[in-house]
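Colleague: The amino acid sequence is not available; the structure is as follows:
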């Protein structure tokens, strides 16, 4: 029996930092009114025109479901379903696509970044800036904790060496963090990029998309460091700043597991699932916020000769609707003598919209040429363990078209199931235009 539960939690304040080529950054080609700590104290005015400024089974083989067989399940703690609101941090909706800060890159202003303040713990999965750089300029993305004036401690994330692909236009440069970085509530962080660890490259006068002030995102602002190839200065020297926000995005998520197995005694069940009639069993869910579904599982007691597939569909209140959002390959249990947790993995995650209902189910309908079966699914005696949905079934045999054309049957019980979700976290101090 496999039990897989993944919980992520993050809270952060982020400062995105990337180096400047010159000692003092320029706003749209004009030298900013701030003193920078520079290897070359004389700022270099970029050679460019100033841009325009704007601001989701069932019963038995019969059509009547068979009541669960077994004792009342233990009344354990209710499943943890985290609430959330829409994604994320995004100042680009306030950016006109033209205004910028410069000059970033070798030899001097090697580090540019944006600080963030976490209002709740969440996991950072990616961040991005809009950059106009020579394609020969190599930089790396970083996440550090922030002490108010500088980065502190070791990097929480360091990307591989990267470069832009165009060189002539602003392009979104995305730093992906596959395992995520947990950022804690109340803490500040800096998201940054720097050329410091790749010094053997031509000079550049890169431009970064920026806003004319720091009011679009009130939890931080733009910072820079004229540290050249000296990466030790990230955590030893106070960074310089001007009152502007970079054009940036940060995608934050938090865990939201649904787990009714905490209330299941490992013996009560619903039957009979499989060939020839009751081919489809499922559980509806309601998304508490927008996010991704990475896996779901049911406890199934089924001969290992029975082939079924897992599915996710949108739900209209009585039946599945639309095309399948997810379909697994053919699967079967490995154990025929007891309940086994059957896990359907979605490696890249499936986006599900907040407030929308979905149905998670398994069916034998697309694999009809197999022996009859009398499968049992772990179930609870009521639908109170999870209040966002309940058990549904369909006596559709081999006719998969009925999933979306016929009303499904139900009774007031929950399946013993798990769903691993990550919900996008919204930090509310982002101005919407």
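Modeller: Arrived safely, thanks for sending. Computed from a prediction, not measured in an experiment: that's the story for all the values here. Residues are numbered from 1 along each chain as shown.
Colleague: what's the distance between the residue nearest in space to the middle of the chain and residue 287?
Modeller: Nearest to the mean C-alpha position of the chain, counting by CA atoms, centre = their mean, stands residue 253 at 5.0 Å. Residue 253 sits 13 Å away from residue 287 when distances are taken as CB to CB, to the nearest Å. Every residue, glycine included, has its C-beta placed from N, CA and C.
Colleague: on that earlier part again, give the burial count for the closest residue to the residue nearest to the centre of the chain other than its chain neighbours, as a bare number.
Modeller: Among residues not flanking residue 253 along the chain, residue 422 sits closest, at 4.1 Å (CB to CB, 6 or more residues apart in numbering). Neighbour count of residue 422, defined by other CB atoms under 10 Å: 25.
Colleague: Regarding residue 422, which helix or strand does it belong to?
Modeller: Counting by DSSP states H and E, the element that carries residue 422 is strand 417-424.
Colleague: strands paired with that strand, and their directions?
Modeller: Paired strands of strand 417-424, with direction, are strand 248-255 (antiparallel), strand 258-259 (antiparallel), strand 291-301 (antiparallel) (DSSP bridges).
Colleague: Just give me the lowest mean pLDDT stretch among those strands.
Modeller: The weakest mean pLDDT among these belongs to strand 248-255, with a mean of 89.
Colleague: how distant is it from the center of its chain?
Modeller: Centroid separation for strand 248-255 versus its chain: 7 Å, with CA atoms, centre = their mean, to the nearest Å.
Colleague: Distance check, the residue nearest to residue 416 when sequence neighbours are not counted against residue 262.
Modeller: Spatially, and ignoring its direct neighbours in sequence, residue 416 is nearest to residue 378 (3.4 Å; CB to CB, 6+ apart). Separation of residue 378 from residue 262 (CB to CB): 12 Å.
Colleague: In terms of packing, which of these two has more residues around it?
Modeller: Counting neighbours by other CB under 10 Å for residue 378 and for residue 262 shows that residue 378 has the greater number, 26 against 16.
Colleague: Report the secondary structure element holding that one.
Modeller: strand 375-378.
Colleague: low pLDDT regions in the stretch 51-200 of the chain?
Modeller: Across the stretch 51-200 of the chain, residues meeting the criterion (pLDDT under 70) sit at 51-87.
Colleague: thinking again about what came up before, could I get the strands paired with strand 417-424 as JSON lines with distance to residue 103?
Modeller: Listed next are these as JSON lines, based on distance: least, CB to CB, whole Å:
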{"stretch": "strand 248-255", "distance to residue 103": "18"}
{"stretch": "strand 258-259", "distance to residue 103": "50"}
{"stretch": "strand 291-301", "distance to residue 103": "38"}
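Colleague: So for residue 99, which of those strands sits nearest?
Modeller: strand 248-255 (13.6 Å; CB to CB).
Colleague: what sits opposite the residue nearest to residue 253 in the beta ladder?
Modeller: Applying DSSP bridges, one finds that residue 422 bridges with residue 255, residue 292.
Colleague: Over to residue 129?
Modeller: Beta-bridge partners, per DSSP bridges, of residue 129: residue 173, residue 248.
Colleague: wait, what's in contact with it?
Modeller: Contacts here follow CB atoms under 8 Å, 6 or more residues apart in numbering; on that basis residue 129 touches 16, 18, 112, 114, 172-173, 193, 208-209, 246-248.
Colleague: do you know how far it is from residue 266?
Modeller: 50 Å.
Colleague: for residue 404, same thing?
Modeller: Counting by CB to CB - residue 404 and residue 266 are separated by 34 Å.
Colleague: these two touch, right, the residue nearest to residue 253 and residue 349?
Modeller: Yes: with contact defined as CB atoms under 8 Å, residue 422 and residue 349 form a contacting pair (7.1 Å).
Colleague: Which neighbours do the two have in common?
Modeller: What both residue 422 and residue 349 touch, as defined by CB under 8 Å, 6+ apart, is the set 292, 294.
Colleague: So which residues of the stretch 301-433 of the chain form strands?
Modeller: Along the stretch 301-433 of the chain, the segments classed as strands by DSSP state E, counting those that start in this stretch run 309-315, 320-327, 340-352, 357-363, 375-378, 391-394, 409-410, 417-424.
Colleague: tell me the angle of the longest one relative to strand 320-327?
Modeller: This means strand 340-352. 110 degrees (axes from the mean of the first three to the mean of the last three CA atoms, to 10 degrees).
Colleague: Any buried residues in strand 340-352, and which?
Modeller: 340-344, 346, 349-350, 352 (16 or more other CB atoms under 10 Å).
Colleague: What strands line up against it, and which way round?
Modeller: Checking strand 340-352 against DSSP bridges gives partners strand 291-301 (antiparallel).
Colleague: Show me how far the partner strand is from its chain's centre.
Modeller: A distance of 17 Å separates the centroid of the chain from that of strand 291-301, by CA atoms, centre = their mean.
Colleague: ok, residue 401 - how many residues close by?
Modeller: Counted with other CB under 10 Å, residue 401 comes out at 9.
Colleague: which residues sit in contact with the residue nearest to residue 324 when sequence neighbours are not counted?
Modeller: Spatial nearest neighbour of residue 324, chain neighbours left out: residue 311 (5.3 Å); criterion: CB to CB, 6+ apart. With contacts defined as CB under 8 Å, 6+ apart, residue 311 is in contact with 282, 324, 326-328, 359-363, 403.
Colleague: Tell me the one of those residues nearest residue 224?
Modeller: residue 326 (43.9 Å).
Colleague: is the closest one in a bridge, and if so with what?
Modeller: Under the criterion used (DSSP bridges), residue 326 bridges to residue 312.
Colleague: Looks like it contacts residue 346 (just checking).
Modeller: Yes: using CB under 8 Å, residue 326 is in contact with residue 346, at 5.7 Å.
Colleague: any shared contact partners between those two?
Modeller: Common neighbours of residue 326 and residue 346 (CB under 8 Å, 6+ apart) are 293, 312.
Colleague: I'd like the strands of the stretch 301-433 of the chain laid out as a markdown table, including distance to residue 153 and mean pLDDT.
Modeller: Converted to a markdown table, the strands of the stretch 301-433 of the chain look like this (distance: least, CB to CB, whole Å; pLDDT from 0 to 100):
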| stretch | distance to residue 153 | mean pLDDT |
| --- | --- | --- |
| strand 309-315 | 40 | 98 |
| strand 320-327 | 39 | 98 |
| strand 340-352 | 30 | 94 |
| strand 357-363 | 41 | 98 |
| strand 375-378 | 45 | 96 |
| strand 391-394 | 49 | 98 |
| strand 409-410 | 53 | 97 |
| strand 417-424 | 26 | 91 |
